[in-house]
Structures are given as C-alpha cells and as structure tokens.
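Colleague: Here's a sequence, model it:
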Amino acid sequence: MKKAISCLLALLALLLPAVSRADGGENGTSGVWTVRSETGEVLCRLAGEAHVGDEYISGGNRRYEILSADAAAHTAVARDRGAQEMPDVSWLAEETAVVVSNTGEKDLLVAMYATHSDESYEPTDGTASDEKGEGGIYDVSEALKEALEARGVRVILDETPHVPHDSSAYKRSRQTAIALLKKGPDALLDIHRDGIPDPDEYETEMQGEEVSRVRLLVGRSNQNAAENKQFALQLKAVADQQYPGLIKDIFIGKGTYNQDLMPNAVLLEFGTHTIDKERAVASTQLMANVLADTLYGDVSGAAGGGKSQTNAAAGKGVLWLAIAVVVMIAVFAFLQTGSGKAAWERVRRGAHEITATREKKR
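Modeller: Numbers count the residues shown, from 1 in each chain. Just a heads-up that it's a prediction; the model follows:
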C-alpha cells in the first residue's frame with residue numbers, strides 16, 4: 001500500500017509544475033528583503049523575494065500576513081493576525097527520549113537532499129558557495145543523518161548536486177526528490193542555510209553549547225500547503241517545548257519548494273553563510289530529536305505524527321468498510337425476504353459466518 005501511494009504521488013508530481021520562490025541573498029537574484037509590521041517593527045529578513053499573501057510565524061508564535069511588497073526597495077509590510085494556534089504537544093510531558101527502533105516499529109525512514117548543494121559557511125569553509133556543488137551544507141546534512149540514525153531512524157541522504165544556484169535549481173532537485181519519494185519516506189527534508197548577512201539572527205547558545213537556530217520554510221502554492229504548514233507547526237511546537245528558541249521562525253512563501261510531493265515535506269535552514277559551520281552541525285543533534293519525536297513519538301503511545309496515525313487511519317478505513325458491508329447485506333436481505341425480522345436473522349447468520357471464518361484463519 002505504501003509503495004502504491006508513493007508511486008501515485010510521484011506520477012502526480014511529474015504532472016505538476018515545479019514553481020518555486022528563487023532563493024536570493026549572496027547566491028541568488030532577489031537580494032535580502034526586510035519584512036516590517038504596520039508599526040515599522042522589523043519582523044524578519046529574507047534571502048529571497050516576499051509576496052503579498054505570504055505568511056510569517058515569529059519565534060513567539062504570532063502570525064503575520066504580508067499586505068504589500070516593494071520589489072525595488074526589497075521591503076514588505078505585514079499585518080499582525082494574532083497568536084498562531086499551535087498543535088497540542090502535551091504528550092511530550094509523558095514521554096522520555098527513546099530509541100524508536102526499540103519499540104518494535106519497522107521501516108522508520110526519512111529522506112534528505114539539498115537543492116542548493118553549493119551552500120557553504122564562509123567562516124569555516126572559506127566561501128559561501130562551492131561552485132562544484134560540494135558545499136558545507138552536506139556536512140550539516142550528514143550530521144543530521146547520523147543524529148537521526150542514533151535515534152533508530154533510517155535515513156537516505158541523496159548528495160546529487162543541483163548547481164548552479166539559480167532559479168532553476170528546484171526544477172533540477174525535483175528529480176532527486178521524486179526518486180527519494182519512491183523509497184516511501186515518512187518525511188522529505190530539503191537542507192539549506194540562509195543567505196542573510198547578520199549572524200546574530202541565528203547564533204545562540206543551548207545547553208551550554210554554541211549552536212545555530214533553524215528556520216523552516218513552507219511553500220503555499222501547492223495542494224499539500226495546509227499539510228506542509230501543519231507539519232512545520234508540529235515541528236516548532238515540539239522544539240518550543242524541548243529546546244525553546246531552536247526554531248527561529250517559519251516563513252510560508254509563494255512557490256512550492258517541491259513540497260507538493262508529500263505532506264510531511266519541509267525546507268530547513270541551518271543558520272546563515274556568515275556563521276561557523278560547527279554551530280549548524282551542533283544544532284543537528286537537537287533538530288534530530290525534534291524530528292524523531294514529531295514523526296515517531298506516537299510509537300510509544302504519544303500523539304506524534306508518524307506511522308501510528310497512518311495505521312489508525314487504515315484501521316478506521318477497515319471499520320467503515322465493514323459497516324458498509326453489513327448495511328449492504330441488510331438491505332439485500334430485506335429486499336429478498338420483505339420482512340425486517342427475517343432480514344435481521346439473515347444478517348446475524350452472515351456475520352456469524354464471517355466471524356467464524358476469521359477465527360479459522362487466525
């Protein structure tokens with residue numbers, strides 16, 4: 001079933017356009033944008049273009065909607081829409097970190113790739129962009145892979161380069177993402193670093209260690225937009241409980257980022273090009289715990305977003321199918337007998353035979 005669904009999604013993906021917001025900053029074409037509130041407060045900076053209708057969810061979980069955008073000045077104005085309703089993660093209080101593979105659940109799988117495979121960290125790598133497509137972003141990706149594997153999650157990291165860093169990069173990486181989708185992952189992660197110049201927007205300290213914050217990016221121009229947003233909110237809600245301040249914010253922009261391929265798809269930006277790469281690597285351990293608990297927390301009884309919900313949905317489908325069969329039998333029996341009592345007796349006998357057959361198979 002899982003493979004069939006993945007194949008159908010991949011086929012659908014081939015028919016959909018790979019329209020994506022061009023990532024700007026040092027390696028892009030749009031420059032750094034500043035998003036302000038209606039009162040003039042700076043909300044965030046973006047290494048890429050902002051559009052009317054985009055949404056911004058701050059670190060403090062307030063939701064803003066962009067009302068106007070000035071392409072010449074690289075500025076946008078956003079209206080405060082109030083507090084963002086966050087997913088309930090009260091189950092975290094009842095759960096300690098576990099190696100999820102020890103729960104008996106099998107085939108826990110996350111797929112990762114890097115659309116902008118040139119992205120690097122200038123203080124550490126000596127450049128912000130590796131033209132060969134072997135950027136420092138792969139060191140961050142490998143660290144995240146290892147941290148997830150330590151939690152019992154199998155990870156496929158595709159290191160196919162997608163250079164150059166231009167507006168067609170997402171079209172090239174789409175083929176990589178489609179190939180990964182065929183493996184049937186539970187989540188599809190596109191690993192990036194930001195392109196805003198100020199390192200202070202990302203540098204922080206957690207648990208006595210210098211780390212980088214992480215920004216989540218969601219595309220709003222696809223059929224999975226609502227699910228993609230919910231997945232990002234779930235990640236932030238879990239992170240807010242476990243490591244307050246780890247997730248810097250969430251930006252929901254025009255485009256797809258190839259997230260139309262599946263609901264649990266998100267773009268993660270580990271710091272920006274002006275921070276030390278070691279900070280981004282250090283944050284992968286924290287982010288791996290957030291990802292594992294979000295996706296598989298329910299394996300041990302909590303209310304995460306992983307396979308148990310899928311199994312529960314499948315169970316509900318079977319239940320409704322059984323109810324439909326019983327109703328059809330009842331209608332057919334009534335039409336044959338013309339008597340409600342006789343119809344009920346026939347249904348009872350049929351149900352008994354079905355139950356007996358199931359017991360024999362067991």
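
Colleague: Where does pLDDT dip in the chain?
Modeller: Residues of the chain that meet the criterion pLDDT under 70 lie in 1-30, 95-106, 298-362.

Colleague: mind listing the helices in it by residue range?
Modeller: Taking DSSP state H, the helices of the chain run over residues 2-15, 122-125, 137-150, 169-181, 225-242, 277-296, 307-337, 340-361.

Colleague: Can you list the buried residues in the fifth one?
Modeller: Taking 16 or more other CB atoms under 10 Å as the basis for neighbour counts, the residues of helix 225-242 that come out buried are 225, 227-240. Bear in mind the C-beta positions are built from the backbone N, C-alpha and C, glycine included.

Colleague: ok, now the fourth one?
Modeller: Judged by neighbour count using 16+ other CB under 10 Å, the buried positions of helix 169-181 are 169-174, 176-178, 180-181.

Colleague: how about CSV for those, with distance to residue 187 added?
Modeller: Below are the buried residues of helix 169-181 laid out as CSV (distance: CB to CB, whole Å):
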residue, distance to residue 187
169, 21
170, 18
171, 22
172, 21
173, 16
174, 17
176, 15
177, 12
178, 15
180, 10
181, 11
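
Colleague: count of neighbours near residue 268?
Modeller: Look at residue 268: counted by other CB atoms under 10 Å, it has 24 neighbours.

Colleague: hang on, isn't it packed against residue 214?
Modeller: Yes - using CB atoms under 8 Å, residue 268 is in contact with residue 214, at 5.6 Å.

Colleague: which neighbours do the two share?
Modeller: Here residue 268 and residue 214 have residue 287 as joint contacts, going by CB atoms under 8 Å, 6 or more residues apart in numbering.

Colleague: Give me the distance between residue 162 and residue 82.
Modeller: Going from residue 162 to residue 82 by CB to CB, to the nearest Å gives 38 Å.

Colleague: Looking at the two now, which is surrounded by more residues?
Modeller: More crowded of residue 162 and residue 82, by other CB under 10 Å: residue 162, with 22 against 9.

Colleague: list the contacts for the more buried one?
Modeller: By CB under 8 Å, 6+ apart, residue 162 lies in contact with 114-117, 133, 169, 172-173, 176.

Colleague: repeat that with 6 Å
Modeller: Listed by CB atoms under 6 Å, 6 or more residues apart in numbering, the contact set of residue 162 reads 115, 117, 169, 172-173.

Colleague: Residue 40: neighbouring residues, count only.
Modeller: 7.

Colleague: Quick check on it: phi, psi?
Modeller: Main-chain torsions, residue 40, degrees, to the nearest 10: phi 100, psi 0.

Colleague: dump the residue contacts of residue 144.
Modeller: Applying CB under 6 Å, 6+ apart to residue 144 gives the contacts 284, 288.

Colleague: one more time with 7 Å
Modeller: Residue 144 sits next to 112, 191, 284, 287-288 when contact means CB atoms under 7 Å, 6 or more residues apart in numbering.
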